[in-house]
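# Prediction below, plus the sequence it came from.
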There are 2 protein chains.
Amino acid sequence: MVFEITPRSGTAFLLNKGQKLTVIDPRGEQVADLLAFSRADPREVISSGRSLDYASKLFLSTGDPLYSNRSKVMLRIIADDVGRHDFLLTPCSEDTFRIIYGDEHPHRGCFGNLAEALAPYDIAPDQIPCAFNVFMNVQVDGGTGALTVEPPLSKAGDSIVLEAEMDLIIGLTACSALQSNNHAFKPIHYRIDDPVA
Amino acid sequence: MVFEITPRSGTAFLLNKGQKLTVIDPRGEQVADLLAFSRADPREVISSGRSLDYASKLFLSTGDPLYSNRSKVMLRIIADDVGRHDFLLTPCSEDTFRIIYGDEHPHRGCFGNLAEALAPYDIAPDQIPCAFNVFMNVQVDGGTGALTVEPPLSKAGDSIVLEAEMDLIIGLTACSALQSNNHAFKPIHYRIDDPVA
């Protein structure tokens, strides 16, 4: 069963240890911000700093683990059609649109969508860290450090598969930032598969 | 008055809005991990994701603000002798030394030092985010994404000055990771200056 996240929205759901989450870009060039919290204690949360440090690289793909702030593996990427995702930048938010785009009446962005979706799990907005930004294509100039947000490399139907290594609460969006999605807001699809018996 | 942080240790202190914090590398090639929490509500904390996103660059220096997870400016860099600091990687920890160095009896690292120093301010270890790693020299390959930790560019006596834009609790270390400090653990000095009347 495939679930749809409509454009510029988000959701949250449970993912059990051993289950596989497939995130699909049905139309191409659409980002999905992914958060993970431990169900046993939601103060344990996905950590870009630990994941990038232990991998000694910026761009994670097949085989790479996503660590928590307690250095435990939360998820592992087990398949990846695209190979380019971002783990540097914060979910887009009212502040993003105000500060970067100069919007006077900003959309609440992925941050607002995630905050609403996670509230029933008693996760407060302040607990939202850097997301693993699936399909987001941030180009990095190693010399100057300049970051530029380019169109995602994902084509229609491309996907990434992540396996849970603990019981998790997942937050997932269809990203709301114009630049990140080549200036068109599209849906994101996802599927959850049980371990093969 | 100059305070000393002895090698492989850390401290925490209050910094008022308008005060300037000078972090000094007295011997050269020594990193200092810097954390900031809002005194009004320590759930508001320094955010690498927001700071790098709004700056659209990896390497922050003079004039650049360090944002909180609520997109408020906590600190602003107002002078910088070195121009190369890291905001990607997590504070070194028992886990760092176990996972990256393979140590069997790992040091508690900056993470453990910060956790102890911040405990009297009711800040729990889980609340420790990515630090602003003063003087840390992480080279980035923009093509492959590879991250390599190189000797700091700081020479004896070099410093960075940050001005507080809100009342803060600061955590600060003399970093404990061999690679980050060109394989020698040295002290860090710091000074707090009141606004000129």
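Good, I have the coordinates. Residues are numbered from 1 along each chain as shown, chains lettered A, B, ... in the order given.
# Quick one: check the helix or strand of chain A at the bottom of the mean pLDDT ranking for contact with chain B.
Taking mean pLDDT, DSSP states H and E as the measure, chain A has helix A:94-99 as its least confident helix or strand, at a mean of 92. Yes: judged by Cβ under 8 Å from any Cβ of the partner chain, helix A:94-99 comes into contact with chain B at A:95-96, A:99. Glycine gets a C-beta too; all of them are placed from N, C-alpha and C.
# Please indicate which of those are buried?
With neighbours counted by 16 or more other Cβ atoms under 10 Å in any protein chain shown, the residues of helix A:94-99 next to chain B contain buried members at A:95-96, A:99.
# Which member of these is positioned nearest chain B?
A:D95 (3.5 Å; Cβ to the nearest Cβ).
# So the closest one sits against B:R50, correct?
Yes: with contact defined as Cβ atoms under 8 Å, A:D95 reaches B:R50; the gap is 7.3 Å.
# Can you show me the strands along chain A?
Here chain A has its strands, by DSSP state E, at A:2-5, A:10-15, A:20-25, A:32-38, A:65-67, A:73-80, A:132-134, A:137-140, A:147-150, A:158-164, A:168-173, A:188-193.
# do you know which of these lies nearest B:G28?
Comparison of these against B:G28 by Cβ to Cβ identifies strand A:137-140 as nearest, at 27.8 Å.
# Model confidence score at A:E104, please.
With respect to pLDDT, A:E104 scores 89.
# From A:Q30, how far off is it?
26 Å (Cβ to Cβ, to the nearest Å).
# now swap in A:I100 and tell me
Going from A:I100 to A:Q30 by Cβ to Cβ gives 19 Å.
# So which bits of chain A are right by chain B?
Proximity of chain A to chain B, by Cβ under 8 Å from any Cβ, involves residues A:43-45, A:47-50, A:52-54, A:56-59, A:69-71, A:88-90, A:93, A:95-96, A:99-100, A:124, A:126, A:128-130, A:139-148.
# now with 7 Å?
Applying Cβ under 7 Å from any Cβ of the partner chain, we find that chain A lies next to chain B at A:43-44, A:47, A:49-50, A:52-54, A:56-59, A:69, A:71, A:88-90, A:95-96, A:99-100, A:126, A:130, A:139-142, A:145-147.
# quick one on the thing from earlier: compare A:E104 and A:Q30 (neighbour count), which wins?
Residue environment comparison for A:E104 versus A:Q30 gives the larger neighbour count to A:Q30, 29 against 7, counting by other Cβ atoms under 10 Å in any protein chain shown.
# Make sure that one is actually in contact with A:H183.
No: with contact defined as Cβ atoms under 7 Å, A:Q30 and A:H183 do not form a contacting pair (11.4 Å).
# Pull the contacting residues for A:G83.
A:S61 (Cβ atoms under 7 Å, 6 or more residues apart in numbering or on different chains).
# hmm, I was thinking of A:Q19
By Cβ under 7 Å, 6+ apart, the residues touching A:Q19 are A:164, A:192-195.
# now A:S180: how far from chain B?
Relative to chain B, A:S180 is positioned 11 Å away (Cβ to the nearest Cβ, to the nearest Å).
# Quick one: neighbours of that residue, just the number.
For A:S180, the neighbour count with other Cβ under 10 Å is 26.
# same question, the one 5 residues further on
Counted with other Cβ under 10 Å, the burial measure for A:F185 works out to 16 neighbours.
# Next: the one 4 residues further on.
For A:H189, the number of neighbouring residues by other Cβ under 10 Å comes to 19.
# Quick one, grab the pLDDT at it.
pLDDT for A:H189: 98.
# Could you do the one 4 residues further on as well?
What the model reports for A:D193 is a pLDDT of 98.
# Quick check: it touching A:K20?
Yes: counting by Cβ under 7 Å, A:K20 is a contact partner of A:D193 at 4.5 Å.
# who's more crowded, these two?
Neighbours were tallied for A:D193 and for A:K20 using other Cβ under 10 Å; the higher tally belongs to A:K20 (19 against 13).
# How about A:L35: what's its closest non-neighbour residue?
In space, not counting the residues next to it along the chain, A:L35 is nearest to A:G171; the distance is 3.7 Å by Cβ to Cβ, 6 or more residues apart in numbering or on different chains.
# Apologies, that question was intended for A:P129.
Using Cβ to Cβ, 6+ apart and skipping the chain neighbours, the partner closest in space to A:P129 is A:V45 (5.5 Å).
# Could you point out the bridge partners of that neighbour in the sheet?
A:F37 (DSSP bridges).
# who's in contact with it?
Taking Cβ under 7 Å, 6+ apart as the contact definition, A:V45 lies against A:37, A:68-69, A:127, A:129.
# Contact partners for A:S71?
Listed by Cβ under 7 Å, 6+ apart, the contact set of A:S71 reads A:50, B:95, B:99.
# Check the burial of the closest residue to the first one other than its chain neighbours by counting its neighbours.
The spatially closest residue to A:R50, leaving aside those adjacent along the chain, is A:Y67, at 4.2 Å (Cβ to Cβ, 6+ apart). Residues lying near A:Y67 (other Cβ under 10 Å) number 24.
# which ones are touching A:T148?
Residues counted as contacts of A:T148 (Cβ under 7 Å, 6+ apart) are A:Q139.
# So A:N181 versus chain B, what's the distance?
For A:N181, the distance to chain B (Cβ to the nearest Cβ) stands at 16 Å.
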